[in-house]
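Asker: task: produce atomic coordinates for the following.
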Amino acid sequence: MVDALREIPGRRAIDCIVPIKSFGEKREFDFAFKNHVELNERLQLFDFKRGAKISGSGFPTYRGLGARLEWALLNYMIDIHLENGFEQWMVPHLVRQETMYASAQLPKFEKQLFKIQDEDYHLYLIPTSEVALNGLHYNEILHEEELPYKYISYTPCFRREAGAAGSSERGLIRVHQFNKVEMFCFSKPDQSSAVFDAMLQSAEIILQGLNLHYRNMLLTTGDMSFAAARTVDIEAWLPGQNRYYEVSSVSNCTDFQARRSHIRFKHKDEKPEFVHTLNGSGLATSRLMVAILENNQNSDGSVTLPIVLHKYLGGIKELKPV
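Answerer: Numbering: from 1, shown residues only. Here you go, the predicted structure:
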């Protein structure tokens with residue numbers, strides 16, 4: 001296991017992650033391939049300049065088939081999770097300060113969050129629907145026989161972390177607003193390991209259906225969120241960036257969030273016990289979109305679309321340059 005440890009460029013020297021699984025192979029190109037920003041010059045799927053005009057840099061707009069492809073991805077992912085036994089929720093995009101604290105976003109990530117403050121409201125835009133899903137059962141005692149609760153929710157996500165990198169992270173790689181389907185589960189302590197595996201599998205099924213090469217990386221303590229006890233990142237290969245990028249992260253937070261949120265369950269007449277909470281991206285679409293475009297491009301600038309998305313696009317099988 002020690003031999004498997006390796007440092008990843010851009011990470012701190014003390015942080016290592018362990019590759020535990022891979023699917024597929026890196027595509028070999030017999031032509032000069034392009035990154036997604038270059039492909040978009042002729043495909044016209046996104047309009048970054050108009051997004052910047054509306055809101056500033058880091059807020060992309062999707063247009064035409066780009067918008068339809070984004071929506072197709074979201075619907076495909078939701079359908080996979082529903083087949084795997086998750087219940088769908090639609091949650092608020094603005095939450096209270098105590099909701100942020102309960103999910104462990106505050107106080108540590110205060111400077112990465114967008115918020116509104118005036119005489120009537122003090123609310124935060126969610127960086128992930130994990131925040132709202134965790135808050136659904138704030139200060140509740142859950143029914144033991146109903147656990148685990150397996151939830152999903154699609155929301156836009158808002159983060160202030162964009163813009164630090166160079167030209168390789170242009171376009172959709174790192175943005176202030178992106179779309180994501182989030183998995184969130186409440187379980188008994190003796191269930192959480194199995195629930196973790198089920199969440200990871202649900203995310204992998206999506207990537208395998210899209211026929212994208214990816215690897216699973218087990219994070220060590222120095223690289224995990226302080227709320228998590230176990231985390232596996234799923235990283236897709238992006239040829240245009242010549243590196244892997246995280247498209248999903250699945251974490252078991254055991255009872256950390258439950259203690260902040262006062263979420264418990266009761267076994268018969270025994271004293272209430274804290275639940276375990278688990279979260280996972282299922283998945284974030286922005287980098288997933290990049291992976292699809294860059295890995296499926298053809299020499300003429302067209303992009304062959306994954307078969308699983310055809311039915312969501314009215315039978316469209318290929319994106320053609322304009």
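Asker: residue boundaries of the strands in the stretch 201-322 of the chain?
Answerer: 214-219, 230-238, 243-252, 264-266, 273-274, 276-284, 303-304, 318-319 (DSSP state E, counting those that start in this stretch).
Asker: could you say which of those is packed most deeply?
Answerer: Highest mean neighbour count among the strands of the stretch 201-322 of the chain (mean count of other CB atoms under 10 Å): strand 276-284, with a mean of 27. All C-beta atoms are positioned from the backbone trio N, CA, C, and that covers glycine.
Asker: show me what that strand is packed against.
Answerer: helix 65-83, helix 130-135, strand 177-187, helix 192-209, strand 243-252, helix 256-261 (3 or more CB pairs under 8 Å, 6 or more residues apart in numbering; DSSP states H and E).
Asker: wait, which of those is closest to Leu309?
Answerer: helix 65-83 (4.8 Å; CB to CB).
Asker: could you list the buried residues of that closest one?
Answerer: For helix 65-83, the neighbour count (16 or more other CB atoms under 10 Å) marks 65-66, 68-70, 72-78, 80-81 as buried.
Asker: from these, which is closest to Cys185?
Answerer: His81 (11.3 Å).
Asker: quick one, what contacts that closest one?
Answerer: Gln88, Ile152, Val181, Met183, Ser202, Gly282 (CB atoms under 8 Å, 6 or more residues apart in numbering).
Asker: would you list the strands of the stretch 201-322 of the chain in TSV and tack on mean pLDDT?
Answerer: Converted to TSV, the strands of the stretch 201-322 of the chain look like this (pLDDT from 0 to 100):
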stretch	mean pLDDT
strand 214-219	97
strand 230-238	97
strand 243-252	97
strand 264-266	96
strand 273-274	98
strand 276-284	97
strand 303-304	98
strand 318-319	98
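Asker: from the contacts of His81, which would you call buried?
Answerer: Here, 16+ other CB under 10 Å leaves Ile152, Val181, Met183, Ser202, Gly282 buried among the contacts of His81.
Asker: Leu113: neighbouring residues, count only.
Answerer: Neighbours of Leu113 under the rule other CB atoms under 10 Å: 18.
Asker: skip the chain neighbours and tell me the closest residue to it.
Answerer: Leaving aside its chain neighbours, Leu113 sits nearest to Tyr124 (5.3 Å; criterion: CB to CB, 6 or more residues apart in numbering).
Asker: shouldn't the one you found be in contact with Gln97?
Answerer: Yes: between Tyr124 and Gln97 there is a contact under CB atoms under 8 Å: 6.9 Å.
Asker: tell me which of the strands of the stretch 201-322 of the chain sits nearest to Asp118.
Answerer: Among these, strand 276-284 sits nearest to Asp118 (CB to CB), with 30.3 Å.
Asker: the inter-axis angle of the closest one versus strand 243-252?
Answerer: Calculated by axes from the mean of the first three to the mean of the last three CA atoms, to 10 degrees, strand 276-284 forms an angle of 150 degrees with strand 243-252.
Asker: wait, isn't Phe23 in contact with His213?
Answerer: Yes: between Phe23 and His213 there is a contact under CB under 8 Å: 6.5 Å.
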